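A.B. asks: Would you be able to build a 3D model of this:
(chains A and B)
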Amino acid sequence: MSEVALVSINGSWCAVEPHTSIAAAILRAGVVGFRRSINGDLRGPLCGMGICFECRVRVNGLQHVKSCQIECESGMEIETDE
Amino acid sequence: MSSAAWDVVIVGGGPAGIAAAVRAREASCAVLLLDDNPGLGGQIWRGVEHKGAGREAREWYQRLRSAGVTVMRGFRVLHRPEPNTLLAESRCSVREIRFSRLILCTGARERFLPFPGWTLPNVIGAGGLQALAKSGFSVNGKSVIVCGTGPLLLPVAAYLRRRGAIVRLIAEQISRSSMVRFAARLGTRPGKLLQALRLMSELQSVPYCFDSWPILAKGEHCLQSVVLKKGDRTVELECDFLACGFHLVPNTELAVLLGCELRDGIVRVDQWQHTSIPNVFCAGEASGIGGVDLSLIEGQVAGLAATRQWRKAERLFAKRERNRRFAAMLEKTFALREELRNVPRAETVVCRCEDVSLSQIANFRNWREAKLYARCGMGPCQGRVCGPATRFLFGWNFESVRPPIFAAQLKNIASPESATAERDLFQGAKQ
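C.D. replies: Now for the predicted structure:
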């Protein structure tokens, strides 16, 4: 993937540079709450390297995608709990 | 889905894994390098495949490309279904990988210490914020407080500043006198001293405080301000991000799964980087935190030893020893102080995956009880965050491991041989 990707984050489409992770794209869009914890608190990325699982979001309807280790691809529809 | 056996399989494509692969190929055998990220480089060399890392990283990467190493990106090892076989999954597929020799270069992760408010969005690892910045997040104009301990705080702060972040403060938990003693010892390491001086010069406008650590992160839906202990005082500072770096913890899960012995939480290796399990080697941070220079040396020794190139490996021993001594000095200088154990309060979340608070586990005797009775460590991270935290807080040993060592798709574990058609996870779900 070496071209700009068009992705939708909570319904808003935006263009991201090549090799942008889904997590980075979400933060760029000003969204800070990725998922809700068991007690309902908003959480965002913690480790940035795929071990904490706090950055999980829905991509194309699929739950529990670790957004920090997947690069954006055009057409992805990304939804967070925020 | 079955495959021929590789002569050498290397798990982890950071500096150690890349160096191991390059040197192993000098023996003209079949070498496979696996990494769970979309691109090679691990943490410190993140982005090397698209010009994102420094000169040394790019040079090693070029050597890797010229050496004829097979690379599988985006693959995570789940378990060992049979001797000399690994099961690895990616977003689209699952593979059984057979090897004659295995080199584990699984690296390290950050240690996170719980404190009140640490679960707010934008309280993040120091390496984590840098990783996100390298993966496309712009920190331009964002205010950041960097806290924690050790030399890694400086390059992180410098990197963020170069990308336009406003680094308001660096809060180091050791005392000024500890730092002065360390600085005196740096005199014997001119290369490291020069590195340190360059960074300090770059960061001269950023306040650097000793005896300092976060005691409370405040905010409604995300971080708005941080209360820091700063020597004898307490200050509250507004910021967009709090980047916390309290040392690194080796990623030993795969080694433990394979039966490798640990010593003090790191994979025990001999002079050839050979573990206690025949044909399994380990190099880099997983066999002892020591930074990129040591990882490069150990990776090379492992790659050479795994392919019986003993003489070449021996030539690296002296340099490795010097680097290990330096790493030991760093560890001693920046040891975490007792007071940090008293920072979390009763209601502070310790296990983030399962929302288990300190008071819910403080009376258990060990990790196993905390898991069974309070679910601490039973969530998706499998104790990778709360394990090291509870070891620091209570002295618990968290190293039991069962497959799969990463949360995996059920079909890949249940019947991998029937996972025939490759199907991108994301396309299939949208129906």
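A.B. asks: Bridged to B:Leu86, which residues?
C.D. replies: Beta bridges link B:Leu86 to B:Ile97, judged by DSSP bridges.
A.B. asks: number of nearby residues for it?
C.D. replies: Burial of B:Leu86 is recorded as 23 neighbouring residues (other Cβ atoms under 10 Å in any protein chain shown). (Glycine included, C-beta is placed from N, CA and C.)
A.B. asks: Check B:Asp270 too.
C.D. replies: If we define neighbours as other Cβ under 10 Å, then B:Asp270 has 10 of them.
A.B. asks: Next: the one 10 residues further on.
C.D. replies: As a burial measure, the neighbour count of B:Val280 was computed by other Cβ under 10 Å and equals 23.
A.B. asks: Quick one: residues contacting the residue nearest to it when sequence neighbours are not counted.
C.D. replies: Excluding the flanking residues, the one nearest B:Val280 by Cβ to Cβ, 6 or more residues apart in numbering or on different chains is B:Leu102, at 4.9 Å. Shown in contact with B:Leu102 (Cβ atoms under 8 Å, 6 or more residues apart in numbering or on different chains): B:Val8, B:Val9, B:Ile10, B:Val11, B:Asn84, B:Leu86, B:Leu258, B:Asn279, B:Val280, B:Phe281.
A.B. asks: Could you pull out the strands in chain A for me?
C.D. replies: For chain A, the strands defined by DSSP state E cover A:5-9, A:12-16, A:35-36, A:42-43, A:56-59, A:62-66, A:77-79.
A.B. asks: and the worst-scoring helix or strand of chain A on mean pLDDT, anywhere near chain B?
C.D. replies: The helix or strand of chain A with the poorest confidence is strand A:62-66; it has a mean of 94 (mean pLDDT, DSSP states H and E). Yes - against chain B, strand A:62-66 shows contacts by Cβ under 8 Å from any Cβ of the partner chain at A:Leu62, A:His64, A:Val65.
A.B. asks: what about the second one, how many neighbours?
C.D. replies: By the other Cβ under 10 Å criterion, the neighbourhood of A:His64 contains 12 residues.
A.B. asks: now the last one
C.D. replies: Each residue near A:Val65 was counted by other Cβ under 10 Å, and the total is 22.
A.B. asks: Now do the phi/psi pair for B:Thr149.
C.D. replies: Backbone geometry at B:Thr149, expressed as degrees, to the nearest 10, gives phi -160, psi 150.
A.B. asks: quick one: it from chain A, how far?
C.D. replies: Going from B:Thr149 to chain A by Cβ to the nearest Cβ, to the nearest Å gives 17 Å.
A.B. asks: separation between that residue and B:Arg91?
C.D. replies: 36 Å (Cβ to Cβ, to the nearest Å).
A.B. asks: May I see the buried residues of stretch B:198-213?
C.D. replies: Across stretch B:198-213, burial judged by 16 or more other Cβ atoms under 10 Å in any protein chain shown covers B:Leu199, B:Glu202, B:Leu203, B:Val206, B:Tyr208, B:Cys209, B:Phe210, B:Asp211, B:Ser212, B:Trp213.
A.B. asks: Keep those, but drop any that are not near chain A.
C.D. replies: Okay, of the buried residues of stretch B:198-213, nothing touches chain A (Cβ under 8 Å from any Cβ).
A.B. asks: any idea which of the residues of strand A:62-66 next to chain B is closest to A:His19?
C.D. replies: Nearest to A:His19 among the residues of strand A:62-66 next to chain B: A:Val65, at 17.2 Å, using Cβ to Cβ.
A.B. asks: Many thanks, we can stop here.
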